[in-house]
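> coordinates only, sequence not included:
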């Protein structure tokens with residue numbers, strides 16, 4: 001099995017209404033990651049990403065920059081054990 005990594009991410013700042021979820025999905029797909037991204041009621045964005053360790057680490061760095069019109073204030077990352085429960089990356093809606 002490849003060297004996998006999984007991370008739960010919460011991004012704070014101006015991250016809603018700036019296509020943050022779409023850019024997140026596009027970047028995750030480009031990196032070959034699985035998982036999801038969604039807006040949270042408090043104005044932050046939450047994501048779960050899993051895949052090759054180097055790809056997850058690149059995505060974690062990407063979250064600090066975000067989409068072109070976003071203004072990322074803080075990124076919270078919690079690593080979790082990989083479970084391999086998905087092979088797609090989706091935008092979740094409430």
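Perfect, I can see it now. Bear in mind the structure is a predicted one, so any value in this text is a computation, not a measurement.
> wait, what's in contact with residue 82?
Contact analysis of residue 82 by C-beta atoms under 8 Å, 6 or more residues apart in numbering lists 4, 5, 6, 50. In this view, the C-beta of every residue, glycine as well, is placed from N, C-alpha and C.
> Which residues are in contact with the residue lying closest to residue 10 once chain neighbours are set aside?
Spatial nearest neighbour of residue 10, excluding adjacent residues (C-beta to C-beta, 6 or more residues apart in numbering): residue 76 at 4.4 Å. For residue 76, the contacting residues are 9, 10, 11, 12, by C-beta under 8 Å, 6+ apart.
> ok, so what distance separates residue 76 from residue 45?
Relative to residue 45, residue 76 is positioned 11 Å away (C-beta to C-beta, to the nearest Å).
> who touches both of those two?
Common neighbours of residue 76 and residue 45 are listed as 10, 11 (criterion: C-beta under 8 Å, 6+ apart).
> mind listing what the closest residue to residue 89 other than its chain neighbours touches?
Excluding the flanking residues, the one nearest residue 89 by C-beta to C-beta, 6+ apart is residue 28, at 4.3 Å. The contact partners of residue 28, taken as C-beta under 8 Å, 6+ apart, are 34, 35, 37, 47, 49, 59, 89.
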